[in-house]
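J.: Sequence unavailable; structure follows:
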């Protein structure tokens, strides 16, 4: 299930070339299952850290094979919206997202 309009990109090959702007991202495993929905005020910084540290020993995120990203001025708000959409469609949170307090508007 693809959550964003952005094309699916292979993780390591293109993760190094993301712009240093705010956005959200969706990580997918080999089966193209959503494993994590994240947000960042600087996607380049976040992705560079992930690539250089191999997800800092996070076994769940280490299953990442591909990703999508979307630039937005309100990444936290968009992340919550995407998590709510995913939860509504699948009945659960992505496997690498811990239960986070979803703000109600």
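T.: Okay, I see it. This structure is a prediction, so every number in the text was calculated from the model and none was measured.

J.: gap between stretch 9-28 and the chain center?
T.: Relative to its chain's centre, stretch 9-28 lies at 8 Å (C-alpha atoms, centre = their mean, to the nearest Å).

J.: Give me the neighbour count for residue 4.
T.: Using other C-beta atoms under 10 Å, residue 4 has 17 other residues around it. All C-beta atoms are positioned from the backbone trio N, CA, C, and that covers glycine.

J.: what sits against the nearest residue to residue 61 once chain neighbours are set aside?
T.: Closest residue in space to residue 61, ignoring its immediate chain neighbours: residue 55 at 4.0 Å, by C-beta to C-beta, 6 or more residues apart in numbering. Counting by C-beta atoms under 8 Å, 6 or more residues apart in numbering, residue 55 touches 61-62, 64.

J.: Pull out the buried residues from these.
T.: Buried subset of the contacts of residue 55 (neighbour count, 16 or more other C-beta atoms under 10 Å): 61, 64.

J.: hey, where'd the strands end up in this protein?
T.: Here the chain has its strands, by DSSP state E, at 9-10, 23-28, 34-40, 66-71.
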